[in-house]
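here is a sequence with its predicted model. Questions after.
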Amino acid sequence: MDARFESFDDEAQAILAEDRFLAVFTHYRKHVLLDEQGRQNYRALLSSHEALELTRDELLYPGEKEVTYKGNVERLMRIEVFKEALAWQDNPAREYILDMMEEMLLEDNLLSELGREMHRSLAANKMELFELLYQHAPARTAGLLEQSKDGRLAKLIEYIVRETERTSALEAAGALSPG
C-alpha cells in the first residue's frame, strides 16, 4: 500500500481513538448492512442537532493555528458527517443542516492569528461545503454571493461559486467525471 494512505489511515485511527463522536459515526458508516437498531442509531446521530453543531464548531474553529496533517484528516472526516447526513434524503434535520452550511460558508473564521496555510485549509473546507450544498440544494447557493458581497469573504465566496459552476459545466459536458 502507498505510504501516504497508510499515514492517512494511521491518522484516522488516532483521531477515532480520541474522538468518541467520530468513532461512533465511522462505525455506523462502515457497516453497510446495519440491523434495524443500528440503522435507527445511525439516523439519530445524523439528525442530532447537538452532533451537527459539534461538527460545525470543530470545522469552523478547529483549535489549531497552523495546519497539521492530523487536523486536515479530522476536518475531512467531519465533512463526511455532513455528506452522510444529506445523503439521507428523509433526514428530519435536512433543512437545519442546509441552513447551517449556508451560515458556515458566510462565517468569517479566517482569524488573523491563524497561519496562511491554515487559512488555505479552512478555505478549502468551505469549498467542500459549498460543493456539497450545491449538489443537494443548488438554489440555496445562488444567494450566497450576494450575502457575502460586503464582507471580508466576498472574494473567496466568489471564487468558490465560479469554480463550482465551472466544474459542474465541465462535468455536464462530459469533460470531467463527477466528484
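Done, it's in. Only a predicted model underlies this, so the values are computations on that prediction, with no experimental measurement involved. Residues are numbered from 1 along each chain as shown.

tell me where this protein has helices.
For the chain, applying DSSP state H gives helices covering 3-18, 20-30, 36-46, 49-60, 69-87, 94-106, 116-136, 138-141, 144-148, 154-172.

rebuild those as a markdown table, extending it with mean neighbour count and mean pLDDT.
No exception for glycine: its C-beta is placed from N, CA and C like everyone else's. As requested, those are arranged in a markdown table below (neighbours: other CB atoms under 10 Å; pLDDT from 0 to 100):
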| stretch | mean neighbour count | mean pLDDT |
| --- | --- | --- |
| helix 3-18 | 13 | 81 |
| helix 20-30 | 16 | 95 |
| helix 36-46 | 14 | 96 |
| helix 49-60 | 17 | 97 |
| helix 69-87 | 18 | 96 |
| helix 94-106 | 17 | 97 |
| helix 116-136 | 18 | 96 |
| helix 138-141 | 14 | 92 |
| helix 144-148 | 16 | 89 |
| helix 154-172 | 15 | 91 |
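
just want the most central residue of this protein.
I79 (2.6 Å; CA atoms, centre = their mean).

list the contacts for that one?
L59, N125, E128, L129, L132 (CB atoms under 8 Å, 6 or more residues apart in numbering).

now, the most widely separated pair of those?
By the measure CB to CB, L59 and L132 form the most distant pair in the contacts of I79, at 11.7 Å.

measure R75 to G38 for me?
26 Å (CB to CB, to the nearest Å).
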